[in-house]
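> I need the structure of the sequence given here:
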Amino acid sequence: MTQITARKRIWGWYFFDWASQPYNTLLLTFIFGPYFAQTATASLVEGGMELSAAKAQAQAYWGYGLAIAGIAIAILAPILGAVADSSGKRLPWVWLFSLLYVVGSGALWWTAPQDFSVLWALFFFGIGLIGMEFATIFTNAYLPELSPDPAERGRISGDGWAFGYAGGVLALIIMIALFQSGSSGKTMAGLSPLFGMDPATKADTRVVGPLTAIWFAVFMIPFFLYTRDTPKPAAARYRLGKGLTDLVQTLRNLPRHPSLMAYLGSSMFYRDALNGMYTFGGLYASGVLEWSIQEIGIFGILAAISGAIFCVIGGRVDRRIGPMPVIVFCCIILIFTACLIISLTPTSVLGMTVAQGSTLPDIMFYLAGALIGAAGGALQASSRNMMTRQGNPDRMTESFGLYALSGKATSFIAPALIALTSDITGSQRLGITPVVGLFIVGLILLAWVKPNGDFEK
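Predicted structure coming up:
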C-alpha cells in the first residue's frame, strides 16, 4: 500500500471541515433555520394563532429541537470518546456518524409547507446534527497526530477552519445562485431555480437538504482516503464497560487538573453564546429586519468569507503567541458585536434614529455578520487547538468528548435565556442580550486556565 504522507493526511483532515461546514452554514443558520421558522409560523397562523405569538412559538420549537439534540450529544459524547480511546479506533465511528449526517440532511427535502410537520422536520434535522457533531468530535481528536509541535497545530487548526468556511461559502453561493428564488421568482444569478424547482412548494428552498447531503458525501472522500487510525498498544475491542470505567476515572481526576476544568467551563459559556448568535442570527434578520431568505443567504456569504480570512490570520497569530490571546480578543469583539446587534432596528442604529427607509441598519447588520464570522471562526479554531493543550494526550478522543459535553451540557441556556428575555421584554431584538453575559462569564473563567494545561506533553 502506498504510504500516506503527512501533507496528504493534513489535507484529508482539512476536507472534513470543507465537507461538514454546510450543515452549519446552509441548514442551521442561513437557509433551513429561517425556512423552518417561516413555515412553522405560517402553519400556526393558519391554525388560528396571532402572528407575533406564532413567530415566538416557531422560535421556541426550533430551540426545543436544538436542546434535545444537544442533550443527546452531551450524554453520549464523552462515553463514545472513551470507548474509542480504549480501542484506538476512531475511523469506524466517523463512518457511522457520517451516515447519520447524510440521512438526516437529505430527509429535509420532505418538509414542504403543504404537509409540514414540525416534529418530523426537527427529528431529521436533529439526526443530521447529531451525526455532524459526533463526526466532528472524532475528527478533532486527530489534530494532535497531525503535528508534534503544539504551535504548528494552531496554524493547522486555523487553516482547516478557514478551508471549511470556504466550503460553506461555495455551497451557499451555489444554493442562492442556482436554486433559491427571490421575490421575482429568479435566483441571485437571475436564473429560474435549477431542475425546475417550484417556488410555490418551496422546492427551491427544501433542496438545501439533499444539496448538503450530497456535498458531504462527495467531499468526505479525501478524508477517508488519507486518514488512518494510529495503532495503539494493548488496544481493547469496542467495550462499553471499559469506556465507561475510563470515563468515570477521568471525571474523578478532573479536580486534579484545575486548568482543564476551568477551560471546559469557560468554553462552555462562550461557545454557548456564540452558538446563540449563529443559531438565531438568521431568525433575527428575518423577524426584526424582515429580510428574505435570499438576503439572509447573502449575509451568510459575507460572514463566511470573513470567517475564512480571519481563521487563516488567527491561525498564524495562534502559532506565534498561542491560542489564549486569540480566544480573549475574539470574545471581546463578539461582546461588542452583540451590543451592536441589540441596538439595531429598522429605524435606529446605536440608539440613534435614522430616516425612514434608510439602509444604514441593514449595512450595520452586514458589518455585524462580518465580525461574527471573523471572530467566531478564529475563536472556534483556537479553542480546538487549546483543547489539545488542555487534554490528556493519551486520551484525546475522550478529551474532545468532554469538550463536546461542556459545549452541549448547557447548550439549552442561550436558547432558553433568549426565549425568556424575548417573552419578558416582548422584543425579539432585546431577546439577544443574554449572549453578552455568557461571553463575559466565559472570559472571567479563562483567568484560571494555564496556556499549556496541567498535563505533561
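> And stretch 348-357, end to end?
End-to-end span of stretch 348-357 (Cα to Cα, to the nearest Å): 11 Å.
> quick one: the strands in the protein?
Along the chain, counting by DSSP state E, strands occupy 348-349, 352-353.
> what about the closest residue in space to Gly314 that isn't next to it in sequence, neighbour count?
In this structure, Gly314 finds its nearest non-sequential neighbour in Ala378, 3.1 Å apart by Cβ to Cβ, 6 or more residues apart in numbering. In short, each C-beta sits where N, CA and C put it, glycine included. Neighbour count of Ala378, defined by other Cβ atoms under 10 Å: 29.
> next one: Ala355
Using other Cβ under 10 Å, Ala355 is surrounded by 8 other residues.
> residues touching it, list them.
Ala355 makes no contacts at all, as judged by Cβ atoms under 8 Å, 6 or more residues apart in numbering.
> the helices in the stretch 1-150 of the chain, which residues?
For the stretch 1-150 of the chain, applying DSSP state H, counting those that start in this stretch gives helices covering 6-22, 32-46, 51-87, 91-106, 118-140, 143-146, 150-174.
> out of those helices, nearest to Ala200?
With distances scored as Cβ to Cβ, the stretch of these nearest to Ala200 is helix 32-46 (13.2 Å).
> which residues are contacting that closest one?
For helix 32-46, the surrounding residues in contact (Cβ under 8 Å, 6+ apart) are 26-27, 51, 53-55, 57-59, 61-62, 108, 111, 113, 116, 118, 121, 125, 202, 205-206, 208-209, 279, 282-283, 285-287, 293, 296.
> in that helix, what's buried?
Phe32, Gly33, Pro34, Tyr35, Phe36, Ala37, Gln38, Thr39, Ala40, Thr41, Ser43, Leu44 (16 or more other Cβ atoms under 10 Å).
> hmm, back to that, and Leu420, which of the helices of the stretch 1-150 of the chain is closest to it?
Comparing these by Cβ to Cβ, helix 51-87 comes nearest, at 10.5 Å.
> which other helices and strands contact that closest one?
Here helix 51-87 touches helix 32-46, helix 118-140, helix 240-253, helix 258-287, helix 396-408, helix 413-425, going by 3 or more Cβ pairs under 8 Å, 6 or more residues apart in numbering; DSSP states H and E.
> weakest of the ones you listed in terms of mean pLDDT?
Lowest mean pLDDT of those: helix 240-253, a mean of 67.
> what's the first-to-last distance across stretch 108-126?
11 Å.
> quick one: it to chain centroid distance?
Per Cα atoms, centre = their mean, to the nearest Å, the displacement of stretch 108-126 from the mean C-alpha position of its chain is 21 Å.
> buried stuff in that stretch?
108-109, 111-113, 116, 118, 121-126.
> Which one of those residues is nearest to Leu191?
Of the buried residues of stretch 108-126, the one sitting nearest to Leu191 (Cβ to Cβ) turns out to be Trp109, at 20.6 Å.
> surely that closest one meets Gly209?
Yes: taking contacts as Cβ atoms under 8 Å, Trp109 lies within contact range of Gly209: 5.0 Å.
> dump the residue contacts of the residue lying closest to Pro361 once chain neighbours are set aside.
Once flanking residues are discounted, Pro361 sits nearest to Leu344: 5.1 Å by Cβ to Cβ, 6+ apart. Leu344 makes contacts with Val288, Leu289, Pro361, Met364, Phe365, Ala368, Arg429, as judged by Cβ under 8 Å, 6+ apart.
> Repeat that for Leu289.
Leu344, Pro346, Pro361, Asp362, Phe365.
> Do I have it right that the last one meets Ala285?
Yes: with contacts defined as Cβ under 8 Å, Phe365 counts as touching Ala285 at a distance of 6.6 Å.
> follow-up on the earlier one: and of the strands of the chain, who's closest to Ala189?
strand 348-349 (31.1 Å).
> so what does that closest one touch, helix or strand wise?
helix 360-390.
> Between helix 6-22 and the helix it packs on, find me the angle.
Orientation check (axes from the mean of the first three to the mean of the last three Cα atoms, to 10 degrees): helix 360-390 against helix 6-22 gives 140 degrees.
> In helix 360-390, which residues are buried?
361-362, 364-366, 368-390.
> and what of stretch 257-266?
Buried, per 16+ other Cβ under 10 Å, within stretch 257-266: His257, Ser259, Leu260, Met261, Ala262, Tyr263, Leu264, Gly265, Ser266.
> Stretch 296-305 now?
Within stretch 296-305, judged by 16+ other Cβ under 10 Å, the buried ones are Ile296, Gly297, Ile298, Phe299, Gly300, Ile301, Leu302, Ala303, Ala304, Ile305.
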